[in-house]
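Engineer: Would you be able to build a 3D model of this:
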Amino acid sequence: MDLEIISVNEDAHGMRIDIFLSKELVERFSRSKIQKGIGNGSIRIKGREQISAHSRLKEGDEIEVEVAQEAAQGVRAEDIPVPILYEDEEMVIVDKPAGMVVHPAYGNPDHTLVNALLFHFKKLSAAETTRPGLVHRLDKDTSGVMVVAKNDHAHAVLARQFKEHTVEKVYHAFVRGVVQHEEGVCEEPVGRAFLNRKKVVIKPAGGKEATTFFHVKKRFRNSTWVEVSPKTGRTHQIRVHMAHMDHPVIGDILYGASSPWINRQALHALSLTVNHPSTGERFRFEAPMHEDMQILMQHLETSDGEP
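Structural biologist: Residues are numbered from 1 along each chain as shown. Next up, the predicted model:
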């Protein structure tokens, strides 16, 4: 068991513990699992002998959550095709399809990239037991290049590159509206929305540092093709920053840019540049835009193309 500590801030004062945790842990636990954990004692408030799902929180409370590791060991291999761009003894470079979740989680244990990788490669790094091989992530509906570690040494070296921001990441996106400047940068800090934990928002106070560079590839009548280079790798960073600049990614329902022309956000991880874990040689890997984004671009190029 791993023990996770969640601190209660002023905004959560007076909330029921089950409601608070269902927002805080929305991507990992259902509300019923949270209530079950409170009942069996694997979720508790430090310093309180007995609590229930109805217990009210106080500012400064520390919630202890026991996270079982055995579920991670039970991740099963699945024969799911994944485009492989490169492979050697240290790492694998894949072109992740849109619509594929990266790793198993509560409520979504199967059909993920990790399930597929375990079938094709048998052995991956164990540095992240719940996410074998994964050094970084892409959102479910973002396609493109990802690096996967095949052993713990490679995992440590690659993870350090991401932490130190020496990895070069380039994304292509189609955004709503005509971007006026040829290039620019957004440096607004970001963090989880308090009332909707699936959503990330700009947080001038208390948010995490986030930096996104962009430049215009092509302008259409009512939209723009942009190349984006995030320095940091926060959850939903590109999507939130572009929406903040009034240019949400086309097809991104969560951030206000639904489109009849594509059924996911038009965001693709075009390339990734890393140093090889063993040799230190600099490698750049690239995956062309997927078919659905190419079709969208053809539509946007028409004179009356609406995003």
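Engineer: C-alpha from now on. contacts and neighbour counts both.
Structural biologist: OK.
Engineer: Mean pLDDT per helix and strand in this protein: which one sits at the bottom?
Structural biologist: helix 70-73 (a mean of 44; mean pLDDT, DSSP states H and E).
Engineer: what's near enough to touch residue 261?
Structural biologist: Applying Cα atoms under 8 Å, 6 or more residues apart in numbering, we find residue 261 in contact with 251, 296, 307.
Engineer: Let me have those in TSV, extended by neighbour count and secondary structure.
Structural biologist: As requested, the contacts of residue 261 are exported to TSV (neighbours: other Cα atoms under 10 Å; DSSP: H, G, I helix; E, B strand; the rest coil):
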residue	neighbour count	secondary structure
251	24	coil
296	19	helix
307	25	coil
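Engineer: Pick the one among the residues you listed closest to residue 259.
Structural biologist: Nearest to residue 259, judged by Cα to Cα, of these is residue 251 at 4.8 Å.
Engineer: From residue 181, how far out is residue 266?
Structural biologist: Noted for residue 266: a distance of 20 Å to residue 181, by Cα to Cα, to the nearest Å.
Engineer: Mind checking which of these two has more residues around it?
Structural biologist: Under the criterion of other Cα atoms under 10 Å, the comparison of residue 266 against residue 181 puts residue 266 first, with 30 against 9.
Engineer: looking at it, that one is touching residue 144, isn't it?
Structural biologist: No. Counting by Cα atoms under 8 Å, no contact exists between residue 266 and residue 144, whose distance comes to 11.3 Å.
Engineer: Next up, phi/psi of residue 136, please.
Structural biologist: phi -150, psi 180 (degrees, to the nearest 10).
Engineer: ok, which stretches of the stretch 101-250 of the chain are strands?
Structural biologist: All strands of the stretch 101-250 of the chain, identified by DSSP state E, counting those that start in this stretch, fall at 143-149, 168-176, 183-186, 190-192, 200-202, 212-219, 223-230.
Engineer: Give me the contact list for the first one.
Structural biologist: Read that as strand 143-149. 90-99, 124-125, 133-138, 155, 158, 267-272, 285-287, 289-290.
Engineer: Buried members of those into ChimeraX, please.
Structural biologist: Remark: buried members of the contacts of strand 143-149, expressed as a ChimeraX selection using 16 or more other Cα atoms under 10 Å:
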select :90,91,92,93,94,95,96,97,98,124,125,133,134,135,137,138,155,158,267,268,269,270,271,272,285,286,287,289,290
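Engineer: Narrow the contacts of strand 143-149 to those in helices?
Structural biologist: In helices, defined here by DSSP state H, the members of the contacts of strand 143-149 are 155, 158.
Engineer: Tell me how far residue 60 lies from residue 11.
Structural biologist: 11 Å.
Engineer: Name the residue in these two with the higher neighbour count.
Structural biologist: Using other Cα under 10 Å as the criterion, residue 60 and residue 11 rank with residue 60 on top: 13 against 10.
Engineer: Verify the stated contact: that one with residue 5.
Structural biologist: No. The criterion here is Cα under 8 Å, and residue 60 misses it with residue 5 at 11.8 Å.
Engineer: where does the stretch 51-200 of the chain dip in pLDDT?
Structural biologist: The stretch 51-200 of the chain contains residues with pLDDT under 70 at 67-74, 106-107, 127-130.
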